[in-house]
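**Q** below are the sequence and a predicted model for it; my questions follow.
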Amino acid sequence: MNIAQYLDSTYLKTPLQSGISEEETLQKDKELTQEAIDNGIFAVMIRPDYVSEIKKYIQEQNSNVVIGTVIGFHEGTYSVDEKLAEASKAIEDGADELDFVINYNAYLKGDLEFVKNEFVKCTELCMQNHKVAKWIIEIAALSDEQIAGLTGDISNWAEENFSEGDLPNIFVKSSTGFYETQNGKPNGATFEGIKIMLEHAGKLPVKAAGGVRTPEDAEKMIKMGVKRIGTSSALALIKKNETTSEGY
């Protein structure tokens, strides 16, 4: 199995989080991108501040590597206008795919109309600009029933508001990789959580992010039906290293 074609190779730490400068962060993003170019990895996933420079770098290398970024990251509590503004800037800077953190806190409070509104408006922006929209639901913050419910709602909203041709470009994604859990609970994709998402995503593709640590786990996820895997250890996965460290 060619795992590389399913991978979004990810570096999402801010300079503050990693204790390095903006210049060093940009260099890390360039190294990540070159690694993707050299190894046939489908996409790189980076912070919005670095999209413009990395887009130039990809073009200079005459590469087809896809560039993705995150919107409303990582808490998802940005206003709809803030998410739209951040997404518009990312599109202008050359992003091909935008991974939005849905406002799962609003969902947990029962404010479905708010969540639906942000989903429709932000997805509409992406579809109008021929970009891929991925919606992170943060499964570690949700019960199994809530994972099923939110995935199903996103699927229904997508089918109600967008064309059949748009649906392959609207993903449901498991995790940010930054959610803080208690008692050692996984904060990323689990087989159980992904199974629930796949059962309720309808015609929408599913992306598993965080916690995919071995080539065997990646292959199992793909065989289950996921269309993309987000990982900060892409090279280790495709080089068949026994285990990888996972830290976005």
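**A** Looks like it arrived, so ask away.
**Q** mind checking the SS state of the residue nearest to the spatial centre of the chain?
**A** Centroid-nearest residue in the chain, with C-alpha atoms, centre = their mean: Asp99, separated by 4.6 Å. Classification of Asp99 using DSSP: H, G, I helix; E, B strand; the rest coil returns strand.
**Q** excluding residues flanking it in the chain, which one is nearest it?
**A** Lys134 (4.3 Å; C-beta to C-beta, 6 or more residues apart in numbering). All C-beta spots, glycine's among them, are computed from the backbone N, C-alpha and C.
**Q** now for the one helix or strand that neighbour maps to, which elements pack on it?
**A** Here Lys134 is covered by strand 132-136, with elements defined by DSSP states H and E. On a contact count with 3 or more C-beta pairs under 8 Å, 6 or more residues apart in numbering; DSSP states H and E, strand 132-136 meets strand 66-71, strand 97-101, helix 112-128, strand 170-173.
**Q** hmm, back to that, so the residue nearest to the centre of the chain sits right up against His74, yeah?
**A** No - taking contacts as C-beta atoms under 8 Å, Asp99 lies outside contact range of His74: 10.4 Å.
**Q** report pLDDT for the closest residue to Asn161 other than its chain neighbours.
**A** Spatial nearest neighbour of Asn161, chain neighbours left out: Val120 (5.2 Å); criterion: C-beta to C-beta, 6+ apart. pLDDT for Val120: 98.
**Q** Asp217: how many residues sit nearby?
**A** 19 (other C-beta atoms under 10 Å).
**Q** tell me if it really is in a helix.
**A** Yes - with three-state DSSP as the criterion, Asp217 is located in a helix.
**Q** ok, residues contacting the lowest-mean-pLDDT helix or strand in the chain?
**A** Across the helices and strands of the chain, mean confidence by mean pLDDT, DSSP states H and E is lowest for helix 234-238: a mean of 93. The contact list for helix 234-238 (C-beta atoms under 8 Å, 6 or more residues apart in numbering) reads 3-4, 7-10, 35-36, 39, 41, 212, 214-215, 218, 229, 231, 243-244.
**Q** against Val115, how distant is Thr77?
**A** Distance, Thr77 to Val115, by C-beta to C-beta, to the nearest Å: 12 Å.
**Q** now swap in Thr14 and tell me
**A** Applying C-beta to C-beta to Thr14 and Val115 gives a distance of 26 Å.
**Q** and if you look at Thr33?
**A** Thr33 is 33 Å from Val115, by C-beta to C-beta.
**Q** again, but for Asn64
**A** From Asn64 to Val115 the distance is 34 Å (C-beta to C-beta).
**Q** and for Lys240?
**A** 40 Å.
**Q** comparing those two, which shows the higher neighbour count?
**A** Between Lys240 and Val115, counted using other C-beta under 10 Å, Val115 has the larger neighbour count: 25 against 10.
**Q** distance of that one from Phe73?
**A** 17 Å.
**Q** what's the answer for Glu97, then?
**A** 14 Å.
**Q** how about Lys173?
**A** 12 Å.
**Q** please enumerate the shared neighbours of those two.
**A** In contact with both Lys173 and Phe73: Asp99, using C-beta under 8 Å, 6+ apart.
**Q** of the two, who's got more company?
**A** Taking other C-beta under 10 Å, Lys173 and Phe73 do not tie; Lys173 has more neighbours (28 against 22).
**Q** which residue sits closest to the more buried one, ignoring its sequence neighbours?
**A** Lys207 (4.1 Å).
**Q** helices along this structure, start to end?
**A** Applying DSSP state H to the chain gives helices spanning 15-18, 22-39, 51-60, 80-93, 104-108, 112-128, 144-161, 191-200, 215-224, 234-238.
**Q** quick one: closest of those to Asn169.
**A** helix 112-128 (7.0 Å; C-beta to C-beta).
**Q** count the neighbours of the residue lying closest to Gly230 once chain neighbours are set aside for me.
**A** Closest residue in space to Gly230, ignoring its immediate chain neighbours: Ala209 at 3.3 Å, by C-beta to C-beta, 6+ apart. By other C-beta under 10 Å, the residues close to Ala209 number 27.
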